[in-house]
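Chemist: Sharing a sequence plus its predicted fold:
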Amino acid sequence: MATKSPQTSGLRFNAAMMSNVGAVRTLNEDVAVYAAPKADDGLGRGSLALVADGMGGHAAGEVASGLAAEIIRRVYFELDGTIPAVLASAFAAANAAIIDWAAEHPECAGMGTTCTALALADGQAWLGHIGDSRAYLLRGTTFTQLSTDQTLVAQMVREGKLTPEQAAASPVSNVILQALGMGPEIGPVIWNEPLALQPGDVMVLCTDGLSGLVADEAIAALAGRLPPYEACLALIDAAIAAGGHDNVSVGVLRAMTDSGRSAGAGDTTRQMRLPDLAGVEPPEDRDGSGTRELSIPAAAGRRDG
């Protein structure tokens, strides 16, 4: 469902979020959310978009991703403070809630979820991220992964122990090093400084059910060419055509001026500086249907799915 959210900077967002069970699984453990504050919001929070990819047997993954989405959404719009501080509190609250739920429900032991969120306010974006779901920015013809995969193979690539090609074929490619619910000491990435947005910028959020099957170049082409709702449909179709062995969730958000202008003659693309991250290195340059649309709802590593 397409949504438009006004921003005080003169930017608004034409956005769509979708989640699909895929071609193989019978249960959708993903969640995709786009939420805007109430009209009388005095915190200046703008809007929040997120995807979460749950893991755990007996539908526990669905519980984990649902808890994460609802708690992060609620804390983000209700807690006072700076956006980075509130995002950090929201991720911590979601982590604690998932751990507590698993302790009270033994059938959910070991459940967890990735979560990648973009907070959009005053024409700027802040990232909150844990796991291997992704956030991208398409500016002009440049497609940049804003998030860093917190997986075993991604870490080995960064350390020079594997090539990207070896990582893609690795039998441990789905081992996640960080997730909500993994333990009390987690390491989400929260941007301390925002990314300034421009009219025409397109942001993509997705779970690995998309990024693991569809190349970045194809994601960029569809997200850049199509309106957000049609882009989400096309991206899900592309993942299913490539095998669809996992749940697929995606959000596409296009920045526009209040007049409805996204980009046009005279606009230029400039080199973008990524914000400083909270305690981590910035990401490297890239080395029906079963669809549901939602507005709310243990070891060294865990295997996704």
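Modeler: Yep, it's here.

Chemist: Let me see the mean pLDDT of stretch 81-98.
Modeler: The average pLDDT within stretch 81-98 is 97.

Chemist: Kindly report the same for stretch 30-41.
Modeler: 85.

Chemist: Enumerate the positions of that stretch that are buried.
Modeler: 30, 31, 32, 33, 34, 35, 36, 37 (16 or more other CB atoms under 10 Å). Bear in mind the C-beta positions are built from the backbone N, C-alpha and C, glycine included.

Chemist: likewise stretch 49-62?
Modeler: 49, 50, 51, 52, 53, 54, 55, 56, 60, 61, 62.

Chemist: Also stretch 139-156?
Modeler: Neighbour-count burial for stretch 139-156 [16+ other CB under 10 Å]: 139, 143-156.

Chemist: gap between the two ends of that stretch?
Modeler: In stretch 139-156, first residue to last residue: 29 Å (CA to CA, to the nearest Å).

Chemist: How far does it sit from its chain's centre?
Modeler: Remark: stretch 139-156 is offset 12 Å from the chain centroid, using CA atoms, centre = their mean, to the nearest Å.

Chemist: on that earlier part again, now distance to residue 237 and secondary structure too, for the buried residues of stretch 49-62, in TSV please.
Modeler: Output for those, formatted as TSV (distance: CB to CB, whole Å; DSSP: H, G, I helix; E, B strand; the rest coil):
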residue	distance to residue 237	secondary structure
49	21	strand
50	22	strand
51	18	strand
52	22	strand
53	19	strand
54	23	strand
55	25	strand
56	28	coil
60	29	helix
61	24	helix
62	23	helix
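
Chemist: out of these, which one sits closest to residue 210?
Modeler: Nearest to residue 210 among the buried residues of stretch 49-62 is residue 51, at 9.3 Å by CB to CB.

Chemist: re earlier: now for the buried residues of stretch 139-156, which pair is the farthest apart?
Modeler: 139 and 152 (30.5 Å).

Chemist: one step back: just send the buried residues of stretch 30-41 back as JSON lines, with distance to residue 66 too.
Modeler: What follows is the buried residues of stretch 30-41, written out as JSON lines (distance: CB to CB, whole Å):
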{"residue": "30", "distance to residue 66": "10"}
{"residue": "31", "distance to residue 66": "6"}
{"residue": "32", "distance to residue 66": "12"}
{"residue": "33", "distance to residue 66": "10"}
{"residue": "34", "distance to residue 66": "16"}
{"residue": "35", "distance to residue 66": "14"}
{"residue": "36", "distance to residue 66": "20"}
{"residue": "37", "distance to residue 66": "21"}
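
Chemist: Among the residues you listed, which one lies nearest to residue 202?
Modeler: Out of the buried residues of stretch 30-41, the member with the shortest distance to residue 202 (by CB to CB) is residue 34, at 14.4 Å.
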